[in-house]
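**Student:** please work out how this folds:
(one chain, ligands or ions: 2)
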Amino acid sequence: MTIRPIVLLPDRRLRLVSEPVAAVTPEIRVLAQDMLDTMYDAPGVGLAAIQIGVAKRVITMDVSKDEKERHPMVLINPEILWSSEEKRGYEEGCLSIPEYYEEVERPDRVRFRYTDLDGRTVEQDADGLLATCVQHEIDHLNGVLFIDHLSKLKRDRVVAKFKKAAKREAAGG
Ligand code: K1U
Ligand code: ZN
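**Tutor:** Residues are numbered from 1 along each chain as shown. Ligands and ions are numbered 1, 2, ... in the order given. The predicted structure follows:
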């Protein structure tokens with residue numbers, strides 16, 4: 001089990017556009033397992049590889065309600081194929097912006113495609129938390145954070161707060 005440090009706002013790596021994965025190699029399998037370990041430890045319902053500093057198009061998710069029954073998902077090169085016109089608001093958080101939650105409106109339902117760890121192409125429909133989470137994680141692959149969906153005032157405020165905390169940390173606490 002390997003838990004990797006999570007990259008926090010205002011780290012510029014969070015703004016990178018991640019690179020597509022060319023093939024499911026042993027290195028990608030190790031990355032996916034480390035991401036699941038890190039996500040469950042946090043705990044979170046999703047994680048994008050860039051959140052542990054790896055700019056590859058890999059995400060992990062587990063939106064199951066029962067903590068005892070895990071349903072880990074690993075999505076390689078995920079893409080949204082279709083989004084509903086109807087929107088839904090959900091109070092989102094982000095492991096890279098700890099302890100900050102705000103409601104974000106996104107399409108209520110989506111269809112997405114990805115490559116799984118066996119190299120197979122999978123298409124899936126989602127609603128509820130899974131739809132919200134897959135959109136949040138694909139945003140990460142494109143350097144977009146959930147605070148980008150908020151007003152400039154709210155975004156500037158939270159970025160300033162995390163910049164201040166990072167400066168304090170760099171100065172030794
Ligand atoms: O990508 C991330 O930063 C993970 C993030 C995913 C997410 C949460 C909520 C809506 C959309 C996407 C998180 O997992 S934040 C933590 C969280 O939501 C949670 C933690 C423990 C139990 C249940 C939820
Ligand atoms: Zn996030």
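**Student:** please report the distance of whichever residue of the chain sits closest to ligand 1 from T60.
**Tutor:** Nearest residue of the chain to ligand 1 (CB to the nearest ligand atom) works out as G44 at 2.9 Å. C-betas here are computed from N, CA, C, even on glycine. Between G44 and T60 the computed distance is 9 Å (CB to CB, to the nearest Å).
**Student:** between those two, which has more neighbouring residues?
**Tutor:** T60 (26 against 19; other CB atoms under 10 Å).
**Student:** which helices and strands does the strand or helix carrying that one pack with?
**Tutor:** In the assignment (DSSP states H and E), T60 maps to strand 58-61. In terms of contacts (3 or more CB pairs under 8 Å, 6 or more residues apart in numbering; DSSP states H and E), strand 58-61 is packed against helix 26-41, strand 46-48, strand 73-83, helix 128-141.
**Student:** center of the chain - which residue?
**Tutor:** Closest residue to the average C-alpha location of the chain: E137 at 3.2 Å, with CA atoms, centre = their mean.
**Student:** mind listing what that one touches?
**Tutor:** Residues in contact with E137 (CB atoms under 8 Å, 6 or more residues apart in numbering) are G46, L47, A48, I59, M61, L75, P78.
**Student:** widest-spaced pair of these?
**Tutor:** Across these, no pair lies farther apart than L47 and P78, at 12.8 Å, counting by CB to CB.
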